[in-house]
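>>> no sequence on this one, just coordinates:
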C-alpha cells in the first residue's frame, strides 16, 4: 500500500509517521519523513519563498515515493501543489503547469489522509513557517485540492497521535474498530 499524509505545517504528520513505524503491522513498509532542514541547507527556498526549481525537487521526492511498494510518507503531491500555489516567488504559469502535471499522481495513493490542524498549536522547529495566517492559507488550499481532485478518497484524521493511529489502522482495514 501507498499511504500518504497531507496537511499544513505543524499538525503532527511526521510524529504520526514515526509512531506508525514502530508498529508491527507496518514492519514491511518504507517510511519517509520531512527533509526540510536538509533541503534548506542545500539552499532550496521553503514556504512562501519556494521557487519553481525548489518545488520540482519536492515533487520529484513525492514521485519517487510513489514508485515504491509499501510506503508511508508524511508529505504528498497535494502538499507540493498547495505550497506551490501560495508561493510568492513562483510565476502563475509555473504554478499552473506544475499542478497540472502533479494532479495525475494523486490517484496513486491507496490511502490519503488529511491531518487536520484543529486543536494543534504551531511548533517552531527552526525551519517551518510559524505564521498562523499562512498556516491556515495552506490548510485551505490543501482542502481545496482534496475537494477538487480526491472526493471521498481522502480521509480526515484528528486528535492525539494515538487517536490518529487508531483512525489509520481502522481506515486501512488493518485493525477493526473493536481491536
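Perfect, thanks for sending it. These numbers were taken from a predicted model, which means no experiment stands behind them.
>>> hey, where'd the helices end up in the chain?
Ranges of helices in the chain, per DSSP state H, are 13-21, 36-41, 52-66, 77-85, 92-102, 132-149, 161-171.
>>> Now residue 146. Nearest residue, chain neighbours left out?
residue 154 (4.5 Å; Cβ to Cβ, 6 or more residues apart in numbering). Using the backbone N, CA and C atoms, a C-beta is placed for each residue, glycine as well.
>>> Number of residues surrounding the closest residue to residue 18 other than its chain neighbours?
Distances taken as Cβ to Cβ, 6+ apart put residue 33 closest to residue 18, at 6.6 Å, once the chain neighbours are dropped. Counted with other Cβ atoms under 10 Å, residues neighbouring residue 33 total 17.
>>> Look up how far residue 153 lies from residue 33.
23 Å (Cβ to Cβ, to the nearest Å).
>>> Low-confidence ranges, this structure, go.
In the prediction, the chain carries residues with pLDDT under 70 at positions 35-48, 124-129, 176-179.
>>> ok so, going back, need the contact list for the residue nearest to residue 146.
Counting by Cβ atoms under 8 Å, 6 or more residues apart in numbering, residue 154 touches 6, 112, 113, 114, 146.
>>> which residues sit in contact with the residue lying closest to residue 141 once chain neighbours are set aside?
Leaving aside its sequence neighbours, residue 141 sits nearest to residue 82 (Cβ to Cβ, 6+ apart; 4.0 Å). Contacts for residue 82 (Cβ under 8 Å, 6+ apart) come out as 8, 138, 141, 142, 145.
>>> With distance to residue 28 added, can I get the helices of the chain in TSV?
Putting the helices of the chain into TSV (distance: least, Cβ to Cβ, whole Å) gives the following:
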stretch	distance to residue 28
helix 13-21	12
helix 36-41	26
helix 52-66	16
helix 77-85	23
helix 92-102	28
helix 132-149	28
helix 161-171	15
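>>> All set, thanks.
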